[in-house]
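> sequence first, then the predicted structure, then my questions.
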Amino acid sequence: MLSEQELCPFAKQSETGIMFFVKNLIKSLLLFILSWLLACFPVLEKQVQYPNEAIVPVRFFQPHFHDDMDIGSLILAIERNIAYLDRLDPEAVFQYGPHEIKCRQVIETQKYFISLIIENDNLEQLNNIIKKNFQIYHAAGRVGNNKVLFTGYFEPVFDGSMTPDEVFRFPVYRKPDDLVEIDLSDFNDKYRGEKIIARIEGEKVIPYYARHHIEMENALHGRGLEIAWLRDPVDVAFLHIQGSGRLRLPDGKYIMVGYEGSNGRPYRSIGRYMLEQGFLTLDEISMQSIRSYLSENPEVIQDVLNYNPSYVFFQLVENGPLGNINVPLTPGRSLALDSKLFPKGALCFLSCRKPIEDDYGNIKEWKDFSRFVLNQDTGGAIKGAGRADIFWGSGPYAELAAGHLKHDGELYILIKKP
């Protein structure tokens with residue numbers, strides 16, 4: 001009796017041919033899907049320079065909207081945001097990627113969103129409503145990976161004094177009256193959105209004093225600009241980095257200081273400098289490790305701090321800390337983005353990782369999280385479409401999260417469809 005192969009000598013060859021065809025078909029489909037995904041989220045090849053490039057409308061693969069915080073903090077942050085928007089001309093225009101959105105539409109969006117989260121406690125239902133009624137934008141991210149690097153900041157508390165003595169010797173300055181801000185678009189439209197910070201010396205306009213001029217050469221000494229004095233130059237530098245803080249006075253009372261301006265010099269990371277100098281390794285770099293190293297090696301403090309020429313000036317505030325839209329920041333809900341690229345006061349959604357602490361205040365693990373936030377601040381180190389800074393509030397956990405967070409994540413911006 002003839003075997004199956006003898007009856008059909010090409011059966012095995014045909015089977016092999018079919019398998020080859022199927023494998024190539026699957027491979028082609030995978031390549032097509034991959035190219036389609038890349039077309040939806042094209043990889044950046046150069047740094048984003050303009051607002052219309054910073055966020056991209058999302059048509060497919062919208063995020064799943066899940067919020068890990070309480071609804072009350074979100075409503076508070078949005079209400080503070082609307083207070084900012086209400087101060088603007090309703091016809092003022094914000095740039096949402098390629099789209100121009102009027103202020104009144106942003107207000108409508110955020111009032112509508114408050115009603116949604118109050119009326120819909122079913123997560124799936126809320127997701128469906130958002131995806132149906134909102135235009136979603138995705139932040140362009142960093143060159144090469146389309147991700148946003150998230151870091152954190154918080155409101156620190158430092159010991160200070162309203163008068164100097166042998167202990168409190170390092171001043172916190174208010175903005176000098178010879179510091180001028182020049183809008184370059186007044187000279188040429190090609191400089192729209194550009195400004196410089198300067199001072200006038202004789203008939204020349206020159207850059208304002210750098211940090212080393214102020215700290216080492218006493219450029220502002222004797223002008224009555226001191227708000228208070230701190231006990232440590234590192235405290236002053238960290239106050240500059242955070243942009244606001246509470247000062248605990250010798251009598252137990254507190255005063256609050258907030259950002260008033262800067263010297264306009266570029267921000268340079270002292271952490272990166274310490275890595276380059278071999279003071280710390282990449283694995284151990286954090287706000288806490290920087291402070292610890294400088295405390296143990298005081299001979300390098302001025303060298304490290306003056307690597308960053310940027311200098312921040314403060315003002316006394318009653319309610320704060322305040323963001324760049326002049327409303328109080330909400331812990332966990334306020335976000336700092338590049339103000340040249342992202343629309344101020346925008347409703348955002350992020351997904352990233354957060355630290356989980358153990359009983360001793362140490363990080364035991366990192367956990368994925370997502371939440372709605374508002375673009376209410378900016379910062380000297382927050383430049384480009386791939387950087388974002390989360391305000392964590394005050395206290396031990398806020399300091400822990402702000403000091404160690406440096407993770408990639410996703411950032412979206414929402415606006416209600418007309």
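On my side now, so go ahead.

> what helix or strand does residue 247 sit in?
Secondary structure from DSSP states H and E places residue 247 in strand 244-248.

> can you check residue 73 too?
helix 71-86.

> now that helix: average pLDDT?
The predicted model assigns helix 71-86 a mean pLDDT of 97.

> elements contacting the helix or strand just after it?
Per DSSP H and E, the first helix or strand lying C-terminal to helix 71-86 is strand 93-96. Judged by 3 or more CB pairs under 8 Å, 6 or more residues apart in numbering; DSSP states H and E, the packing partners of strand 93-96 are strand 99-102, helix 103-119. C-betas here are computed from N, CA, C, even on glycine.

> quick one: contacts for residue 265?
Going by CB atoms under 8 Å, 6 or more residues apart in numbering, residue 265 touches 197, 207-208, 210-211, 309-311.

> same question for residue 55.
By CB under 8 Å, 6+ apart, residue 55 lies in contact with 96-97, 137-140, 342, 385, 413.

> partner residues bridging it?
Residue 55 has these beta-bridge partners by DSSP bridges: residue 139.

> mind checking how far it is from residue 96?
Distance of residue 55 to residue 96, computed by CB to CB, to the nearest Å: 6 Å.

> between the two, which contacts overlap?
Once CB under 8 Å, 6+ apart is applied, the residues that residue 55 and residue 96 both contact turn out to be 137, 413.

> re earlier: any chance of the helices and strands packed on strand 93-96 in TSV with mean pLDDT, mean neighbour count and distance to residue 83 as columns?
As requested, those are exported to TSV (pLDDT from 0 to 100; neighbours: other CB atoms under 10 Å; distance: least, CB to CB, whole Å):
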stretch	mean pLDDT	mean neighbour count	distance to residue 83
strand 99-102	96	15	18
helix 103-119	96	16	10
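
> make JSON lines out of those and add distance to residue 66.
Output for the helices and strands packed on strand 93-96, formatted as JSON lines (distance: least, CB to CB, whole Å):
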{"stretch": "strand 99-102", "distance to residue 66": "25"}
{"stretch": "helix 103-119", "distance to residue 66": "12"}
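
> list the buried ones in the lengthiest strand in the chain?
Longest strand in the chain by number of residues, with DSSP state E as the criterion: strand 363-377. By 16 or more other CB atoms under 10 Å, the buried positions in strand 363-377 come out as 369-377.

> need those in TSV with distance to residue 323, can you?
Below are these laid out as TSV (distance: CB to CB, whole Å):
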residue	distance to residue 323
369	21
370	21
371	17
372	16
373	12
374	9
375	9
376	4
377	3
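
> and the residues you listed, which is closest to residue 182?
Among the buried residues of strand 363-377, residue 377 lies closest to residue 182 (CB to CB), at 23.3 Å.

> pretty sure the closest one is touching residue 330, no?
No. In this structure residue 377 lies outside contact range of residue 330 using CB atoms under 8 Å: 10.7 Å.

> overlap in contacts of those two?
residue 391.

> one step back: for the strand holding residue 247, what is the average pLDDT?
What strand 244-248 shows for mean pLDDT is 94.

> chain center to it: distance?
Offset of strand 244-248 from its chain centre (CA atoms, centre = their mean, to the nearest Å): 21 Å.

> for it, buried residues please.
For strand 244-248, by 16+ other CB under 10 Å, it's 244-247.

> farthest-separated two in those residues?
Pairwise across these, and taking CB to CB, the largest span is found between 244 and 247, at 10.7 Å.

> can you list residues touching both of these two?
256-257.
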